[in-house]
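A.B. asks: only the shape, not the letters, is given here:
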């Protein structure tokens, strides 16, 4: 009886952007902004491409709207990521240790800030801070898994 097998490995792509702003805090913040902003812009393009192909109508108007959405989404999520990465790095430097608590504090601050900018009430800001901290801590715990 013939047998067949398949072996392979899947690795995550690593993107390193080398921008030196002259300050480690700024380097981390800009790096987070660029990486997550690029991911958000790519997601927006993929979503709009799908909708255009599904609808079957490609026009200059659709292309302009897709470009605007790509820029808006990239800038928004890049800014959120920059705030988070900058906060986590700042907390690490203040505390003098690198652990999950830095991610939790950075996530909580970012969640509260994004919510407050959205002119939400105090309870919503607190809930978003808790959610941001919980998601960031969970992501940090998952990154330690081997």
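C.D. replies: Ah, there it is. All values derive from a computational prediction rather than experimental measurement.
A.B. asks: point out where this protein drops to low pLDDT.
C.D. replies: Along the chain, the parts satisfying pLDDT under 70 run over 1-10, 12-18, 145-146.
A.B. asks: report the central residue of it.
C.D. replies: Nearest to the geometric centre of the chain sits residue 36, at 4.2 Å (Cα atoms, centre = their mean).
A.B. asks: assign it to helix, strand or coil.
C.D. replies: Here residue 36 is recorded as helix under DSSP: H, G, I helix; E, B strand; the rest coil.
A.B. asks: what about the helices in the protein?
C.D. replies: For the chain, the helices defined by DSSP state H occupy 24-55, 60-95, 100-117, 122-144.
A.B. asks: so what's the gap between the longest one and the chain middle?
C.D. replies: Think helix 60-95. Centroid separation for helix 60-95 versus its chain: 7 Å, with Cα atoms, centre = their mean, to the nearest Å.
A.B. asks: for the third one, same thing?
C.D. replies: Taking Cα atoms, centre = their mean, one finds the center of helix 100-117 at 13 Å from the center of the full chain.
A.B. asks: show me what it is packed against.
C.D. replies: Using 3 or more Cβ pairs under 8 Å, 6 or more residues apart in numbering; DSSP states H and E, the elements in contact with helix 100-117 are helix 60-95, helix 122-144. C-betas here are computed from N, CA, C, even on glycine.
A.B. asks: dump those helices to CSV, plus mean neighbour count and distance to residue 30.
C.D. replies: Output for the helices and strands packed on helix 100-117, formatted as CSV (neighbours: other Cβ atoms under 10 Å; distance: least, Cβ to Cβ, whole Å):
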stretch, mean neighbour count, distance to residue 30
helix 60-95, 17, 7
helix 122-144, 15, 19
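A.B. asks: for those, please prepare a markdown table with the additional fields distance to residue 113.
C.D. replies: As requested, these are exported to a markdown table (distance: least, Cβ to Cβ, whole Å):
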| stretch | distance to residue 113 |
| --- | --- |
| helix 60-95 | 6 |
| helix 122-144 | 9 |
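A.B. asks: ok, which of these comes nearest residue 110?
C.D. replies: helix 60-95 (4.3 Å; Cβ to Cβ).
A.B. asks: quick one, what contacts the closest residue to residue 88 other than its chain neighbours?
C.D. replies: Leaving aside its sequence neighbours, residue 88 sits nearest to residue 106 (Cβ to Cβ, 6 or more residues apart in numbering; 3.4 Å). By Cβ atoms under 8 Å, 6 or more residues apart in numbering, the contact list for residue 106 reads 84, 85, 87, 88, 89, 90, 91, 136.
A.B. asks: brilliant, that's me finished.
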